[in-house]
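In: Got a sequence here, can you build the structure:
(2 chains)
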Amino acid sequence: MDSILSKIKAGKILVGDGGWGTLLIKAGMQAGECPELWNIEHPDIVSGIAIAYKEAGADLVSTNSFGGNRVKLKSYGLENEAKELNRKAAYLTRKAVGEKCHVLASIGPSGKFIMMGDVSEDELYESFREQAIALEKGGADSCTIETMSDLDEARCAVRAVKENTKLEIVVSFTFMRSSDGERFNTIMGTTPEVFIQEMKQIGVSILGVNCTLSVEDMCVLLQKMYAYEKGVPFLVYPNAGQPQITDEGIRYPETPEMFAKYVPGFYKNGARIIGGCCGTTPEHIRAIRSEVEKIS
Amino acid sequence: MENILEQIATCVERGKINKNSPYPPDLKGQDGTEELVQQALGMGIPASQILSEGLMKGMSVIGKKFSCNEVFVPDVLMSARAMNAGMPFLKSAFERGEAKHKGIFIIGTVQGDLHDIGKNLVRMMMEGAGWKVIDLGVDTSPEKFLQALKENPGAVVGMSALLTTTMMNMEKAVKVLKSEVPEVTVVVGGAPLTQDFCNKIGADAYSPDPQGCIEYLDAKLGLAS
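Out: From the prediction side, this is the model:
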């Protein structure tokens, strides 16, 4: 299979998948459960999510391994299961989507900051190394180091993946929009420009933005990023807005139609992989796919 | 006298811990909160004044900047460290009753939720605003909140949640607390929360940032910030 980057260079717009946590919750996952444990305890449900996204038209399907690093699994007492949970995560997606889709394995943040002294850089490196190797072994061909806020942690994860696997790498940060609407920063204060600069410097060739922001805010953010950098393809996975509480429980307000509406704007601003994050479903991906077909 | 208190406030705002601390680079070699608080005590400035016009003032500046995205997590962390470096010298004044806390603030991440970055930031800022904080940690059951509240009558309770699954547990916790201790004030926060959610679960206040919580409680208690 050609690499993600070579497909993009050949002019393709790729469709990503949508939220995993969202679908796991729909399937009955309770607060306090370790999502990655579902790879062992409910493999059919996890495979079912991958199949649903493939059928909705995704070219890249993720893995149920967002919190699968040892540092984070430790809070559940599952740190010694890290290898198996990650291997199984990639295995389930690969088996579900076959060889024609990319398995873009999810590597999320540890939840600890190096600068707070909560975790050492060596400990983080080891944790990402172990996760990446297991994901590759399970069948992933690529990974997204995603929902990151901290440059130090992202650099550490990139190094761990590069030095120990052949996985193609996407790094995706999560930004918030300032109250005056003018600026975007991560909670650590990193701007989109610094993010691009720093990641290019360590040789990351696909950069992304995911989570936190709605489609509209994400489009403004991409405009800023594209104005700064036109040589790197972007991945964009917005949230379906801010969750709202209703009589039927938690609902995300942004519909598949709203996502579809923004696809041309994302494309115009350098996005070549378009999917969704929290609150998005296979219907959102289907809507994105049909919009992408109109452009290509 | 005013000068040294202003210097203390600046050190907290800039995150200058002590003379040997390399951060921030432009203040290298200068005294930090550790030295200045001792000097201020030596000058006979009351501990309560050092706290309110020095340490807390610096934290208040950083809290306001944080709420309008002018500074970020690392800055707040360094400020909290600088504040904490000065606090031990004021401990005896607290013990003698010369300096007083605004009140007791019980904080925890709700049941099922293991995220603590936001909760820890609020803890630091509340301490910096003069509250005595009891941190119940992560995965806090309604019963645990209730027990802490019963052990500390009159305390305010702060709850945090990062996940859409666990924000629903906040509702349970608020209900338990309000039914057992109707007069309790409960403030809530966390990335997926909104004012609307706060209203629906019957909490008293929501804030997207620590400063909002501090200001809400100051106003409620009739304290100047």
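In: drop to CA atoms for contacts and neighbour counts, all remaining ones
Out: Noted.
In: For chain B, give the residue positioned nearest to chain A.
Out: B:G112 (3.5 Å; C-alpha to the nearest C-alpha).
In: quick one: that residue and B:T166 touch, right?
Out: Yes: under the criterion of C-alpha atoms under 8 Å, B:G112 makes contact with B:T166 at 6.1 Å.
In: Give me the common contacts of these two.
Out: Common contact partners of B:G112 and B:T166 (C-alpha atoms under 8 Å, 6 or more residues apart in numbering or on different chains): A:31-32.
In: Spit out the contact partners of B:Y216.
Out: B:Y216 neighbours (C-alpha under 8 Å, 6+ apart): B:A205.
In: any idea which element it lies in?
Out: Element membership for B:Y216 (DSSP states H and E) is helix B:210-221.
In: and the stretch 51-200 of chain A, which of its residues are near chain B?
Out: Contact residues, the stretch 51-200 of chain A versus chain B (C-alpha under 8 Å from any C-alpha of the partner chain): A:75, A:111-112, A:115-116, A:178-179, A:187-189.
In: Apply 7 Å and report the result again.
Out: Proximity of the stretch 51-200 of chain A to chain B, by C-alpha under 7 Å from any C-alpha of the partner chain, involves residues A:178-179, A:187-189.
In: counting contacts, what elements does the helix or strand encompassing A:C143 pack onto?
Out: In this assignment (DSSP H and E), A:C143 forms part of strand A:142-148. Here strand A:142-148 touches strand A:102-107, strand A:168-173, going by 3 or more C-alpha pairs under 7 Å, 6 or more residues apart in numbering or on different chains; DSSP states H and E.
In: So for A:K294, what's the pLDDT?
Out: Note for A:K294: predicted pLDDT of 96.
In: ugh, wrong one, A:T246
Out: So A:T246 comes in at 80 (pLDDT).
In: roughly how far apart are it and A:V61?
Out: Separation of A:T246 from A:V61 (C-alpha to C-alpha, to the nearest Å) stands at 30 Å.
In: if you count what's nearby, which of these two comes out ahead?
Out: Ranked by neighbour count (other C-alpha atoms under 10 Å in any protein chain shown), A:T246 and A:V61 place A:V61 first, with 29 against 11.
In: who's that one bridged to?
Out: A:V103 (DSSP bridges).
In: Now do the SS call for A:A31.
Out: coil (DSSP: H, G, I helix; E, B strand; the rest coil).
In: give me the number of residues near it?
Out: 20.
In: Please list all residues in contact with the residue lying closest to A:A82 once chain neighbours are set aside.
Out: Ranked by C-alpha to C-alpha, 6 or more residues apart in numbering or on different chains and with sequence neighbours excluded, the top spatial neighbour of A:A82 is A:R70, at 5.7 Å. By C-alpha atoms under 7 Å, 6 or more residues apart in numbering or on different chains, the contact set of A:R70 is A:79, A:82, A:127.
In: what about the last one, neighbour count?
Out: When neighbours are counted by other C-alpha under 10 Å, A:S127 registers 23.
In: For chain B, see how far away it is.
Out: Note on A:S127: its distance to chain B, by C-alpha to the nearest C-alpha, to the nearest Å, is 18 Å.
In: Which helix or which strand is home to that residue?
Out: helix A:121-138.
In: In PDB, list the C-alpha atoms belonging to the helix holding B:Y216.
Out: Taking Å, rounded to 0.1, in the frame of the first residue of the first chain, the C-alpha atoms of helix B:210-221 are listed here in PDB:
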ATOM      1  CA  PRO B 210     -10.000  29.200  38.200                       C
ATOM      2  CA  GLN B 211     -10.200  33.000  38.400                       C
ATOM      3  CA  GLY B 212     -14.000  32.900  37.800                       C
ATOM      4  CA  CYS B 213     -14.400  30.600  40.800                       C
ATOM      5  CA  ILE B 214     -12.300  32.900  43.000                       C
ATOM      6  CA  GLU B 215     -14.300  36.000  42.000                       C
ATOM      7  CA  TYR B 216     -17.600  34.200  42.400                       C
ATOM      8  CA  LEU B 217     -16.700  33.200  45.900                       C
ATOM      9  CA  ASP B 218     -15.200  36.600  46.800                       C
ATOM     10  CA  ALA B 219     -18.500  38.200  45.700                       C
ATOM     11  CA  LYS B 220     -20.600  35.600  47.500                       C
ATOM     12  CA  LEU B 221     -18.600  36.000  50.800                       C
END
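In: Can you report the mean pLDDT over the residues of it?
Out: 94.
In: How far does that helix sit from its chain's centre?
Out: Averaging C-alpha positions (C-alpha atoms, centre = their mean, to the nearest Å) puts helix B:210-221 10 Å from its chain's average.
In: and what of stretch B:183-191?
Out: On C-alpha atoms, centre = their mean, the centre of stretch B:183-191 falls 14 Å from the chain's centre.
In: Now it: buried residues?
Out: Buried residues in stretch B:183-191, counting neighbours by 16 or more other C-alpha atoms under 10 Å in any protein chain shown, are found at B:184-191.
In: Now A:F175: closest residue in space that isn't a chain neighbour?
Out: With C-alpha to C-alpha, 6+ apart, the residue lying closest to A:F175 is A:T186, at 4.5 Å.
In: show me what contacts the one you found?
Out: Here A:T186 is in contact with A:149, A:174-176 (criterion: C-alpha under 7 Å, 6+ apart).
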